[in-house]
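Engineer: Predicted model and sequence follow; I will ask about them next.
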Amino acid sequence: MDPPLAPQQTINVCFQIQRGRETSSLSQKQQLRRAKSQFYCYFYPTKAARLMINIDIYEYLIFFFWLFVMGTFLYFYSTVWKNELSRYLFPGFLLKVLGGFAFVMVYNYYYNSGDTTYYYQGAAQLADILTENPVFYFQLLGMDHAEAQQLLYQKGIFILFAQAPEEWFMLKLSSPFAFLGFQTFLGTTLFLSLISMLGSWYLFSTMHQILPGKSRFLFMINFLFPTVLFWGSGIMKDTVTLACFSIGVALFYRLLYFQGSLFWRSIWMLLLFYLIYQLKAYITIAFLVWVLITGFLISYKRIQSLFLRLISIPFLLGTFALLGYLGFANIAEQSKKYNTDRVLTQMEGFHSWHKQLGGSAYDLHINDYTIGGLLAKFPQGVNVTLFRPYIWETHNAFMLLNALESLFLLVFTLWVLLRCGKHFFQILRQNPYLLGGLFFVLFFAYAIGISSYNFGALVRFKIPLLALYLFILYYIYQIHKNKESETIKSIDQL
């Protein structure tokens with residue numbers, strides 16, 4: 001392991017970075033990356049580096065090399081694997097790649113830096129360690145963030161964006177992709193875009209099982225939402241959680257309806273939601289609501305006798321309520337961040353801070369920070385997540401794009417409700433999986449809506465629910481439309 005640079009040498013190297021004197025040599029790049037990180041740890045330990053990544057010809061060569069390899073494999077795979085969905089595989093991959101590439105360009109050249117650049121820098125540093133000392137790298141993988149930071153500090157290595165458990169876990173997940181991408185920003189992003197594509201593809205194919213023959217619309221909601229493409233294709237926690245969540249909810253459907261090996265699908269689903277829990281535990285909490293409600297509805301539906309149904313309701317409700325309590329209590333115990341008292345206190349401070357910032361902040365006018373007071377804001381919390389910002393609330397091009405998507409969600413929701421009328425919930429209750437999914441969407445939308453208080457953060461937080469919400473609405477509309485067609489046919493035959 002190379003010794004750390006002295007502070008004055010670190011400053012000189014960082015000035016070279018700022019003046020664009022980088023070299024394309026990989027070993028020198030590693031030295032510059034380490035020097036830059038050390039500079040800010042020496043002199044600005046409480047804030048992250050605000051220097052953008054130098055993307056040179058070497059980065060583009062690595063990017064296009066892996067793009068060619070991945071694209072060629074997926075293209076030939078789609079030509080061999082012939083079915084209704086195969087023609088969407090290659091376009092879906094290219095769209096995710098485009099989203100990841102745009103994300104890098106915007107954050108590196110418009111914002112100059114951001115979470116994605118810090119995750120890349122940390123992952124690249126771990127990839128450097130893997131190259132130089134594999135034993136030490138695998139030792140770090142087994143440590144929590146506090147132990148790892150202490151050991152790295154002793155060896156003169158400073159990884160800036162690893163001060164929290166979620167950050168450190170994200171770096172460990174990203175580091176193999178940074179290694180495969182030859183420690184380049186674009187190369188690492190490309191692998192994350194591929195992971196995002198695989199997650200969206202698995203959910204897309206499962207939705208097609210539920211609603212066959214509607215592949216065009218299903219492809220659109222999984223691959224053509226601009227904010228999902230942008231926020232869910234780069235080196236971010238949102239990309240990993242979106243991919244894991246998409247595969248997880250698809251596996252959940254296949255488990256419920258006994259498709260494939262129940263044991264292995266259960267293991268995979270537990271593993272995926274463990275990864276989500278390590279990065280964003282609140283998604284796991286919201287998914288638990290979906291599991292409990294769906295489990296109750298399926299158990300109740302399978303009881304044929306009306307008498308047994310009536311007497312089983314208290315037992316089933318009590319059982320699933322107990323399971324829910326134990327699950328939530330375990331999550332709160334394991335993750336102190338989600339302790340009720342702490343959440344309420346932090347939320348009040350977070351809201352006050354965003355009110356003072358202004359800009360893309362919003363205000364739900366919460367004055368009572370008790371559980372009852374927050375529950376009273378349920379409609380406003382759901383509304384701000386799904387249907388805001390409104391057009392007149394936008395301040396820049398990114399917010400305008402988000403507002404147009406929210407407007408589409410609002411119009412589509414009202415259109416389906418008006419077309420289906422009283423049949424909306426009659427159709428939905430026939431499918432416990434999607435009824436539980438709607439409860440998840442509402443609960444998740446409410447939770448992030450009352451806690452974010454910033455449209456910029458909210459647009460990232462809500463990407464897991466968008467495809468699911470649109471699919472539920474479209475499913476109800478299609479079932480209602482098919483029933484109307486059958487009724488018309490029956491009348492014509494009279």
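Structural biologist: Alright, I've got the coordinates.
Engineer: show me the contacts for the closest residue to Thr413 other than its chain neighbours.
Structural biologist: What sits nearest to Thr413 in space, not counting adjacent residues and going by C-beta to C-beta, 6 or more residues apart in numbering, is Leu473, at 6.3 Å. Where C-beta positions appear, they are placed from N, C-alpha and C, glycine not excepted. Residues in contact with Leu473 (C-beta atoms under 8 Å, 6 or more residues apart in numbering) are Phe412, Thr413, Val416.
Engineer: tell me which element the second one is part of?
Structural biologist: This points to Thr413. Thr413 belongs to helix 397-420 when assigned by DSSP states H and E.
Engineer: ok, and for that helix, which residues are buried?
Structural biologist: By 16 or more other C-beta atoms under 10 Å, the buried positions in helix 397-420 come out as Phe398, Met399, Asn402, Ala403, Glu405, Ser406, Leu409, Val416, Cys420.
Engineer: now the helix or strand just after it, how far from the centre of its chain.
Structural biologist: Note on helix 397-420: by DSSP H and E, the next helix or strand toward the C-terminus is helix 423-428. Put simply, helix 423-428 sits 29 Å off its chain's centre (C-alpha atoms, centre = their mean, to the nearest Å).
Engineer: Show me what helix 423-428 is packed against.
Structural biologist: Judged by 3 or more C-beta pairs under 8 Å, 6 or more residues apart in numbering; DSSP states H and E, helix 423-428 is in contact with helix 397-420, helix 432-452, helix 463-493.
Engineer: Which one of the ones you listed lies nearest to Gly92?
Structural biologist: Among these, the nearest to Gly92 by C-beta to C-beta is helix 463-493 (12.5 Å).
Engineer: what bits of the chain have low per-residue confidence?
Structural biologist: Along the chain, segments meeting pLDDT under 70 span 1-52, 259-260, 303-359, 368-369, 371, 484-494.
Engineer: Identify, from the contacts of Leu473, the entry nearest to Pro176.
Structural biologist: Comparing those against Pro176 with C-beta to C-beta picks out Phe412 as the nearest, at 39.2 Å.
Engineer: residues in contact with that closest one?
Structural biologist: Phe412 sits next to Leu470, Leu473 when contact means C-beta under 8 Å, 6+ apart.
Engineer: How about the one 5 residues further on?
Structural biologist: Under the criterion of C-beta under 8 Å, 6+ apart, the contact partners of Leu417 comprise Phe424.
Engineer: gap between it and Phe425?
Structural biologist: 10 Å (C-beta to C-beta, to the nearest Å).
Engineer: can I assume Tyr362 is in contact with Tyr390?
Structural biologist: No. Using C-beta atoms under 8 Å, Tyr362 is not in contact with Tyr390, being 10.2 Å away.
Engineer: These two: which has the busier surroundings?
Structural biologist: Comparing Tyr362 with Tyr390 by other C-beta atoms under 10 Å, the one with more neighbours is Tyr362, at 18 against 11.
Engineer: All the strands of the stretch 201-350 of the chain, in order from the start?
Structural biologist: Listed in chain order, the stretch 201-350 of the chain contains no strands at all (DSSP state E, counting those that start in this stretch).
Engineer: how about stretch 139-159: buried residues?
Structural biologist: Using 16+ other C-beta under 10 Å as the test for burial, stretch 139-159 gives Leu140, His145, Ala148, Gln149, Leu152, Ile157, Phe158, Ile159.
Engineer: From those, which land in helices?
Structural biologist: Those of the buried residues of stretch 139-159 mapping onto helices are Leu140, His145, Ala148, Gln149, Leu152, per DSSP state H.
Engineer: possible to save those as CSV with distance to Gln478?
Structural biologist: CSV is the format used below for those (distance: C-beta to C-beta, whole Å):
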residue, distance to Gln478
Leu140, 50
His145, 47
Ala148, 50
Gln149, 52
Leu152, 54
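Engineer: picking that back up, from the buried residues of stretch 139-159, pick the one nearest Lys301.
Structural biologist: Looking across the buried residues of stretch 139-159 and measuring by C-beta to C-beta, the closest to Lys301 is His145, at 44.9 Å.
Engineer: wait, the closest one sits on Met170?
Structural biologist: No. Counting by C-beta under 8 Å, His145 sits too far from Met170 to count as a contact (10.5 Å).
Engineer: Count the neighbours of Phe444 for me.
Structural biologist: By the criterion of other C-beta under 10 Å, Phe444 has 25 neighbours.
Engineer: who's in contact with it?
Structural biologist: Each residue near Phe444 by C-beta under 8 Å, 6+ apart is listed here: Ile283, Ala286, Thr385, Lys462, Pro464, Leu465.
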